[in-house]
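**Q** here is a sequence together with a model predicted from it:
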Amino acid sequence: MQQIAMVFLAFGMLACSATPREGRPANHVACQVIFDAGSSGTRLYIYQLTASGWVKHSGPRTAALADPVRGISNQTMADAEAVTDSIVAAMAQIQQDGPLQSDGMLKWKGFEWETNCQLETVAVYATAGMRLAERQHPADTESLWEMLNLKLSKALGRSVTTRTLTGFEEGLFAWLATREEQPDANFGIVEMGGASAQISFPCQACTDSRWVLVQGVDVPLVSISFSGLGQDEAWKTHSNPSECSPGIGLRDSAWRVADCTDGVALPAGLGDSIRGFVEQADIHRWHLAGAFLFSKHSDFGDYCQNDIVSAYKPKTSCFRAIYQAYFLSSMGVPISTELSQVDWTLGAAICARDSCLAKAGPPECRWSRGGCVD
């Protein structure tokens, strides 16, 4: 009851503060508010565009938006009100320091966006978990989005965007975020989440390329999302999970990695098709993002060949160590690639600022600031 009361208190504070404060500085820094409504939770980020570049402010993490629709994590549509309220309340909560963790570190550093920002964009973007929900329960998903949009726009006193990203956008945003740290656009990125995985790279000759505005230049980009091939969903559909169980190599001297990968359900011909695009693009610089960032070279030995217990989802620890490398190999991407520490939400902020999809064609271009451009 105390946690629920805190959520509604924060929600009330935000609703009362929607009116601009007197004495607010005339020149606010432009800010983009992006909620990452992922399959494992919803996280608030506020990006400021300063003279020295983008500055990210991380906020509280709330429940996964799609869970009530999908009926998972002990959630049903009866929980939709509480889940959407917690997302709205995050806008008030981020203005003060978050609670201390056991190690004495703050969960987030408070950022008073009302006195420091001119909000240009406020968006809640759901990813692959919600794409699955929309296919399974379209009416409930529509109801959830309407509920959230009404609450958030009312609390902030402005229009907001609340929708599910396309697979193209999800990969594109990860690529755009990584582009900020690259000397040129001649690179590819592979990102893995719990429900999907994305691969994105520029390719002039590829038939699946779309034109994207990147730092003032038109770039033909391939960006493909593989629904159900994220590490959590791939585990759920594995035909023989016992062959990927932790410590399997220690218990069975005859066990081989192929015993685990044989149960992975990659769509027929998918690897060949993507490898063909990758060869056409002639990309030699690759970066990994998402779940790849949390993997170590020792994971296979620790979790498959020994009895070390993972602190994160121990049941799938050996599978994750094998599956991530197997996915990259299937796509024709070298395993020895660089890690990208940037977050796809930065790419979403950049795209909102630059209308990066204005020339991409339907359906993405209808969501750019300037509409579609021929």
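**A** Good, I have the coordinates. Note that the structure is a prediction, hence the values are computed from the model and not measured.
**Q** show me where this structure has its helices.
**A** Secondary structure of the chain by DSSP state H: the helices cover 2-16, 67-70, 80-93, 113-116, 128-136, 138-156, 167-179, 231-236, 248-251, 257-261, 270-281, 299-303, 317-331, 344-354.
**Q** angle of the third one against helix 138-156?
**A** On the basis of axes from the mean of the first three to the mean of the last three C-alpha atoms, to 10 degrees, helix 80-93 is oriented at 30 degrees to helix 138-156.
**Q** quickly list the domain ranges of this protein.
**A** The chain breaks down into these domains under automatic domain parsing: 2-164, 168-339.
**Q** nearest to Leu346, out of those domains?
**A** domain 168-339 (4.0 Å; C-beta to C-beta). All C-beta spots, glycine's among them, are computed from the backbone N, C-alpha and C.
**Q** list the contacts for Ala66?
**A** 37, 39, 126, 129-130, 132-133, 141 (C-beta atoms under 8 Å, 6 or more residues apart in numbering).
**Q** hmm, which two among these are most spread apart?
**A** Maximum distance among these (C-beta to C-beta): 14.1 Å, for Ser39 and Thr141.
**Q** which one of the two is surrounded by more residues?
**A** Between Ser39 and Thr141, counted using other C-beta atoms under 10 Å, Ser39 has the larger neighbour count: 26 against 23.
**Q** look up phi and psi at the more buried one.
**A** Ser39 has phi and psi values of phi -70, psi -20 when expressed as degrees, to the nearest 10.
**Q** cool, and Ile72?
**A** Per-residue torsions, Ile72: phi -120, psi 170 (degrees, to the nearest 10).
**Q** redo the contacts of Ala66 as TSV? Include pLDDT and distance to Asn240.
**A** Shown next, in TSV, are the contacts of Ala66 (pLDDT from 0 to 100; distance: C-beta to C-beta, whole Å):
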residue	pLDDT	distance to Asn240
Ala37	95	33
Ser39	84	24
Ala126	94	32
Gly129	86	25
Met130	91	29
Leu132	86	23
Ala133	90	28
Thr141	94	32
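**Q** possible to save the residues you listed as JSON lines with distance to Phe294?
**A** Listed next are the contacts of Ala66 as JSON lines, based on distance: C-beta to C-beta, whole Å:
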{"residue": "Ala37", "distance to Phe294": "20"}
{"residue": "Ser39", "distance to Phe294": "15"}
{"residue": "Ala126", "distance to Phe294": "21"}
{"residue": "Gly129", "distance to Phe294": "18"}
{"residue": "Met130", "distance to Phe294": "22"}
{"residue": "Leu132", "distance to Phe294": "22"}
{"residue": "Ala133", "distance to Phe294": "25"}
{"residue": "Thr141", "distance to Phe294": "29"}
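**Q** quick revisit: out of the domains of the chain, nearest to Thr345?
**A** Per C-beta to C-beta, nearest to Thr345 of the domains of the chain: domain 2-164, 4.3 Å.
**Q** isn't Asp218 right up against Ala358?
**A** No - using C-beta atoms under 8 Å as the test, Asp218 is too far from Ala358 to be in contact (10.1 Å).
**Q** who has more neighbours, those two?
**A** Between Asp218 and Ala358, Ala358 has the larger neighbour count (other C-beta under 10 Å), namely 20 against 10.
**Q** so that one versus Leu339, what's the distance?
**A** 31 Å (C-beta to C-beta, to the nearest Å).
**Q** low-scoring stretches of the stretch 251-374 of the chain, by residue?
**A** 362-374 (pLDDT under 70).
**Q** repeat that for 90
**A** 265-284, 290, 330-343, 358-374 (pLDDT under 90).
**Q** for Val309, which non-adjacent residue is closest in space?
**A** Nearest residue to Val309 in three dimensions, chain neighbours excluded: Pro246, at 7.3 Å (C-beta to C-beta, 6 or more residues apart in numbering).
**Q** neighbours of the one you found, how many?
**A** 22.
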